[in-house]
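Trainee: need a 3D model of the following:
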Amino acid sequence: MRLMNGGLKPSSRQLVACLVALLMLFSGMGLGSPGSAWAKTGESEPAESLIVNILNPDGTTTLVHEYVYSELKPLEEIGYYATIDALPTGVGTKASGVKISDLIADAQKYNPNIKWESGQKLVFYVTDVDNYPYQGTNYYTYDFLYGQDRYYFPKLVATYDPEYGRDAIDLTGAVTVEPMLSSSSYQARGATDAILKNEASPVVMDGAESFRFCMGITEAEARDENFSSTNKFARWVYRVDVGPVGSPRLKADTTGNEVGQAIEITFTDNADWRAAISSVKVNDNVLTGEQYAVDAGKITIDPGVFTAVGEYTVTVDASGFMNATVTQAIVSQSVEPTGQYNLAPVEDEAYISGETPEGIKTMTVNAGLSGIKYFTVRVEPVLPHVGQETVVFSHWRDGAQLALNALRADFDVVPEAQAGFNVQLGDVVKAYLVDQLSNDPDSNPVPLQ
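Mentor: Numbers count the residues shown, from 1 in each chain. Sure thing, here's the model as predicted:
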């Protein structure tokens, strides 16, 4: 549970809220849970080619092949898709493209090591968000896309009315479809099956938003009022990385993490990942089997591994998964740590993450977005701090601070902090962590990051 102590605007008006109540402060600040939709700009340049990479477990990539459109043309076929967007309204899509399974099969001619099976994932990069993965790095997994039948529901667009809800949608006549990357497509709200397949007045597909990723939906997703399916159709895809799914997030030991003590790295237990662990490395040293033990939810490292005060990078390699890493701080037994934490903005459609030269985390509002938006940072303890800490969010526009929101909790236990602001395109929200805020002019906050 996230606890908020209070927020201050420059006018000195003090607003106090509790996350338990999830109060929205329409005067310019608010708290709540963000939506899952991904924000995109309204226009961009279509991809000039399609780069296919192998995503290696350490995060590096190996180029398999860069496809030009003419190479993919012989592999293409026509596909139909029906979805519901965030408005919400029904959306129909007609696309000419290559199925993901066919694309990977063809790519194996250039590098047989690329594979597409359970435990793998796709990571898309698009021309309107430079070097930032669309929908994050672990969304389009093989098991999500192929682990259940996905369909084109030809009557969905014609029968969906938000007033009557999704239970009233006619899902009969479902046609199984596979995900594809299309070189040309037509997509429109209200585009019914009859419109998409009208031979007398056919819709015109073009490559303005190519490559467009298309996928069918399940019956459960079609009925789910909270599932926006159209925004899963990435536009302007120019690169796709194919590799293993992500590993559990590791958490450093912050209790008794002293020289000469055993260290417990914890994680949300995943039996498959745990069973697949093949090695544990501390900095550049691969540990022997006697130097660590793996149990449900934790990895215990022998006291003799950490012989000096400092920060160590612990890397866990598990076959079929991305490598998992964490920074482990080791302190002297005679030193009482004052507290140190890493802040990391959580991926969200509302903003692009960054950092100031001073190390302050920033979240810049994406194009096409305005109104109440929510900004979330993940807090990772490096050195513990006794008591509660304060995460501060400050809202900036054109170089001027508009609002301040402070959330106080024990962030050795609470993993995230979140605040909401009434934003416009280009606004920046900065986030940093201190011990506490005070109106006392003789008291300065102590940075803890």
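Trainee: Ala47 and Arg235 touch, don't they?
Mentor: No - applying CB atoms under 8 Å, one finds Ala47 not in contact with Arg235, separated by 9.6 Å. Where you see a C-beta, it was placed from the backbone N, CA and C, and this is true even at glycine.
Trainee: which element, helix or strand, includes Val52?
Mentor: strand 50-55 (DSSP states H and E).
Trainee: average pLDDT across that strand?
Mentor: Mean per-residue pLDDT for strand 50-55: 97.
Trainee: can you tell me the strand partners of the helix or strand that it is followed by and which way each runs?
Mentor: Per DSSP H and E, the first helix or strand lying C-terminal to strand 50-55 is strand 61-67. The pairing partners recorded for strand 61-67 under DSSP bridges are strand 50-55 (antiparallel).
Trainee: tally of neighbours for Thr89?
Mentor: 15 (other CB atoms under 10 Å).
Trainee: chain neighbours aside, what residue packs nearest to it?
Mentor: Arg189 (5.0 Å; CB to CB, 6 or more residues apart in numbering).
Trainee: what's the answer for Phe227, then?
Mentor: Per CB to CB, 6+ apart, closest to Phe227 is Glu221, 4.7 Å.
Trainee: phi, psi for the one you found please.
Mentor: phi -70, psi -40 (degrees, to the nearest 10).
Trainee: surely it is in contact with Ser229?
Mentor: Yes - taking CB under 8 Å as the definition, Glu221 is a contact partner of Ser229 at 6.0 Å.
Trainee: out of those two, which sits in the more crowded spot?
Mentor: Legend: neighbour count by other CB under 10 Å for Glu221 and Ser229, higher for Ser229 (22 against 19).
Trainee: spit out the contact partners of the more buried one.
Mentor: Thr83, Ile84, Asp85, Ile217, Glu221, Ala222 (CB atoms under 8 Å, 6 or more residues apart in numbering).
Trainee: identify the residue spatially nearest to it, adjacent ones excluded.
Mentor: Ser229 sits nearest to Thr83 (CB to CB, 6+ apart), 3.9 Å away.
Trainee: who touches whatever helix or strand that neighbour lives in?
Mentor: Using DSSP H and E, Thr83 maps to strand 77-84. Residues external to strand 77-84 that are found in contact with it (CB under 8 Å, 6+ apart): 90-99, 152-154, 156-157, 160, 166, 175, 177-178, 180, 182, 193, 196-197, 214-217, 222, 227-230, 232-233.
Trainee: how far away is the nearest residue to Ala262 once chain neighbours are set aside from Val203?
Mentor: Ranked by CB to CB, 6+ apart and with sequence neighbours excluded, the top spatial neighbour of Ala262 is Pro303, at 5.0 Å. Note on Pro303: its distance to Val203, by CB to CB, to the nearest Å, is 68 Å.
Trainee: go on, Asp302?
Mentor: According to CB to CB, Asp302 stands 65 Å off from Val203.
Trainee: and for Gly289?
Mentor: Distance, Gly289 to Val203, by CB to CB: 61 Å.
Trainee: the more surrounded of the two?
Mentor: Comparing Gly289 with Val203 by neighbour count (other CB under 10 Å), the higher total belongs to Val203, at 16 against 9.
Trainee: contacting residues around that one?
Mentor: Lys94, Tyr186, Ala188, Ala191, Ile195, Leu196.
Trainee: just say helix, strand or coil for Ala105.
Mentor: helix (DSSP: H, G, I helix; E, B strand; the rest coil).
Trainee: can you get me a residue count around it?
Mentor: There are 14 residues near Ala105, going by other CB under 10 Å.
Trainee: do Ser210 as well
Mentor: 25.
Trainee: i'd like the first residue to be 7 from this point on
Mentor: All set: I'll call the first residue 7, so the last point we hit is now Ser216.
Trainee: wait, it sits on Ser55?
Mentor: No - contact criterion CB under 8 Å: Ser216 and Ser55 do not qualify, at 10.6 Å.
Trainee: and after the strand or helix carrying Lys287, which helix or strand comes next?
Mentor: Assigned by DSSP H and E, Lys287 belongs to strand 283-288. Per DSSP H and E, the first helix or strand lying C-terminal to strand 283-288 is strand 291-292.
Trainee: right, and the helix or strand after that next one?
Mentor: Next element after strand 291-292 (DSSP H and E): strand 298-301.
Trainee: parallel or antiparallel, list what pairs with that following strand.
Mentor: strand 304-307 (antiparallel).
Trainee: okay, which residue is most central for this protein?
Mentor: Centroid-nearest residue in the chain, with CA atoms, centre = their mean: Gly142, separated by 3.5 Å.
Trainee: ok, it - contacts?
Mentor: Applying CB under 8 Å, 6+ apart, the residues contacting Gly142 are Glu353.
Trainee: so it belongs to a strand, correct?
Mentor: No - secondary structure assignment places Gly142 outside any strand; it is coil (three-state DSSP).
Trainee: distance of it from Leu93?
Mentor: 23 Å.
Trainee: how near is Tyr87 to Ala101?
Mentor: For Tyr87 relative to Ala101 (CB to CB), the value is 7 Å.
Trainee: between these two, which has more neighbouring residues?
Mentor: Shown here are Tyr87 and Ala101; by other CB under 10 Å, Tyr87 has more neighbours (29 against 26).
Trainee: residues contacting the residue lying closest to the more buried one once chain neighbours are set aside?
Mentor: Excluding the flanking residues, the one nearest Tyr87 by CB to CB, 6+ apart is Thr99, at 4.2 Å. For Thr99, the contacting residues are Tyr86, Tyr87, Ala88, Thr89, Ser191, Tyr192, Gln193, Ala197, Leu202, Cys220, Phe239, by CB under 8 Å, 6+ apart.
Trainee: rerun that using 6 Å as the cut-off
Mentor: Going by CB atoms under 6 Å, 6 or more residues apart in numbering, Thr99 touches Tyr87, Gln193, Cys220.
Trainee: same for the top strand by length along the chain, what does it pack against?
Mentor: In the chain, with assignment by DSSP state E, the single longest strand is strand 377-389. Using 3 or more CB pairs under 6 Å, 6 or more residues apart in numbering; DSSP states H and E, the elements in contact with strand 377-389 are strand 346-351, strand 422-429.
Trainee: I'd like the distance from that strand to the chain centre, please.
Mentor: For strand 377-389, the distance from its own C-alpha centre to the chain's C-alpha centre is 13 Å (CA atoms, centre = their mean, to the nearest Å).
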